[in-house]
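Undergrad: Sequence and predicted structure, then a few things I'm wondering about:
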Amino acid sequence: MKHSVSQIFKKYLSLIVILPLLTSGLSGNYFDAGAVGTDAKVVPKTITESQIAGKYVIAFEVCAGEEPIMFDDVTAVSDIEEMSLAKSTVGNIPPNTCYRLETQIRVDDLNSIRILILGTSFKFSMELDERSSSSMTATPRSAGSSEFEATGLAVDLSHLERQLTEAELKECETVYDDYITLGESTFSVRYVYHKFMGDCVLLYNDSVWENDEDDRYEKLNQVLPELREQKEEIRREEIRKAQISMPTITPMAMGELQTKRGFFTESQIPGKYVFLFEGCAVEVVNLDDMVVASDKEVVLVFPPGVIGVTLPAGKCLEFEVQIHADDPNTIRPIPLGMMSITKMSPRAQMENGIPASEVTCKQGLDLILKSRDGSAACVKPSTALKLIASGWGTLV
């Protein structure tokens, strides 16, 4: 049965009187004019269900400040897709003018909807504010200090700190085909808002995923803690190696987000930092995949969809990124292109044209070929012996 958006909200907010759905919004806090040269803002208006299941029409008002806003720079993003206003609108919003805009977007989780204005380095959230069923929040982001805009989109999938329920493991099984079809990188972008997809991916790349016995779910949960710890150890080692191998990327300054430029004067964001660094190229450097990593998360320096950004030989450029960290001293810029192929899963390596017999496993893991299809798997030596003895695979 199809439910309206109002019915969905009523289910969770039955004790609150539902006002006309999301018809009033909070414009939030905005940057000082000196910070970005604009007081642009977004005011969310409505979210309505379309005739197509899983698709919604979102309406919002965009107001330009002292500078015009190009429609090309306005993008709606959900947990499923990204929709640029450039596809339906051309031109720009003149200075000191407001336009009401609408776009359709596919959504699984309504709370994941975001409005991005890349040209001003703002990021506005169209999240339902649970304190008032009729309001949505609009949250400003930091401005980049260079000619390129910085972003803080986490690229690492989330993990839980407990066992997965049977329902969650079944969801892992449901989206497994997406993982195979899309590849790990695209899959990660699509499911970045799902709270345990990182655990699903860990299981996909372990031999335990092939277990079809009655105690399948129990065995999946048994190996999860060890897989999480292995991933954490690998992440720490990659950051350490990247620090050593990046003589031309040096940190310049770091300050707490709350105090650096006063962007969030009315909110407290503990554990979040603005990281400013300079990159100098000896040779031409492709910056598409540059990230900043901490002990808490990994963020892209450039927004998804911004490609072909290069730094010419002999040139330097400043970058500014927001990132969460428990220990700010762990924050480091990392060009992903310098990382080892072993960061890729066996499946990802094969999808990139590497023969199964030539797949590179992470240190401490053995390469075996699955008997049923000849594909590669990287497993612990003790596990490899058991799998080979059972006829599941052969050692390379």
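TA: Yes, it's here.
Undergrad: contacts and neighbour counts: CA atoms only from here.
TA: OK.
Undergrad: can you give me phi and psi for Leu110?
TA: phi -60, psi -30 (degrees, to the nearest 10).
Undergrad: what residue ranges in the stretch 101-250 of the chain score low on pLDDT?
TA: 118-157, 186, 189-190, 192-193, 237-250 (pLDDT under 70).
Undergrad: repeat that for 50
TA: For the stretch 101-250 of the chain, applying pLDDT under 50 flags the ranges 119-155, 242-250.
Undergrad: ranges for the helices of it?
TA: Here the stretch 101-250 of the chain has its helices, by DSSP state H, counting those that start in this stretch, at 166-174, 176-190, 197-204, 216-244.
Undergrad: right, so the ones you listed: which one is the most enclosed?
TA: Burial of the helices of the stretch 101-250 of the chain is given as mean neighbour count (mean count of other Cα atoms under 10 Å); helix 197-204 ranks first at a mean of 21.
Undergrad: Just the residues contacting that helix, thanks.
TA: Residues outside helix 197-204 that contact it (Cα atoms under 8 Å, 6 or more residues apart in numbering): 156-160, 169, 172, 176, 191, 209, 220, 224, 227-228.
Undergrad: How is the protein divided into domains?
TA: Here the domain parsing of the chain from automatic domain parsing is 5-125, 242-338, 340-396.
Undergrad: circling back: nearest to Ile58, out of the helices of the stretch 101-250 of the chain?
TA: helix 176-190 (19.4 Å; Cα to Cα).
Undergrad: The closest one to helix 197-204, inter-axis angle?
TA: Per axes from the mean of the first three to the mean of the last three Cα atoms, to 10 degrees, the angle that helix 176-190 makes with helix 197-204 is 140 degrees.
Undergrad: Summarise which helices and strands helix 176-190 is packed against.
TA: When contacts are defined as 3 or more Cα pairs under 8 Å, 6 or more residues apart in numbering; DSSP states H and E, helix 176-190 packs onto helix 346-351.
Undergrad: out of the contacts of helix 197-204, who's nearest Asn111?
TA: Tyr191 (13.6 Å).
Undergrad: Okay, that closest one and Leu110: tell me how far apart.
TA: 14 Å (Cα to Cα, to the nearest Å).
Undergrad: One more: Phe275?
TA: For Phe275 relative to Leu110 (Cα to Cα), the value is 30 Å.
Undergrad: got the phi/psi numbers for Ala325?
TA: Phi and psi for Ala325, reported as degrees, to the nearest 10, are phi -160, psi 140.
Undergrad: can you give me the helices in the stretch 251-396 of the chain?
TA: 257-260, 346-351, 381-389.
Undergrad: Touching the longest one from outside, list them.
TA: Going back to what we said before, that points to helix 381-389. Against helix 381-389 from outside (Cα under 8 Å, 6+ apart): Gly364, Leu365, Asp366, Ile368, Gly393, Thr394, Leu395.
Undergrad: what is the rounded mean pLDDT of it?
TA: The average pLDDT within helix 381-389 is 83.
Undergrad: In it, which residues are buried?
TA: Ala384, Leu385, Leu387, Ile388 (16 or more other Cα atoms under 10 Å).
Undergrad: Please identify which of those is nearest to Pro270.
TA: Closest approach between those and Pro270, by Cα to Cα: Ala384, at 44.5 Å.
Undergrad: what separates the closest one from Glu320, distance-wise?
TA: Per Cα to Cα, Ala384 is found 45 Å from Glu320.
Undergrad: Now list the buried members of the contacts of helix 381-389.
TA: Among the contacts of helix 381-389, the ones that count as buried by 16+ other Cα under 10 Å are Leu365, Asp366, Ile368, Gly393, Thr394.
Undergrad: Which of those fall in strands?
TA: Among these, the members falling in strands (DSSP state E) are Asp366, Ile368, Gly393, Thr394.
Undergrad: Surely the third one is in contact with Asp366?
TA: No - in this structure, Gly393 sits apart from Asp366 without contact. The criterion is Cα atoms under 8 Å, and the distance is 11.7 Å.
Undergrad: who's in contact with the closest residue to Val57 other than its chain neighbours?
TA: Spatially, and ignoring its direct neighbours in sequence, Val57 is nearest to Gln104 (4.4 Å; Cα to Cα, 6 or more residues apart in numbering). Counting by Cα under 8 Å, 6+ apart, Gln104 makes contact with Lys55, Tyr56, Val57, Ile58, Met83.
Undergrad: What separation do you get for Gln104 and Arg114?
TA: Gln104 is 13 Å from Arg114, where distance means Cα to Cα.
Undergrad: Repeat that for Glu168.
TA: For Glu168, the distance to Arg114 equals 25 Å [Cα to Cα].
Undergrad: Over to Glu161?
TA: 27 Å.
Undergrad: ok, the two, which is more surrounded?
TA: Arg114 (20 against 10; other Cα atoms under 10 Å).
Undergrad: Run through the bridge partners of that one.
TA: Val77, Ser125 (DSSP bridges).
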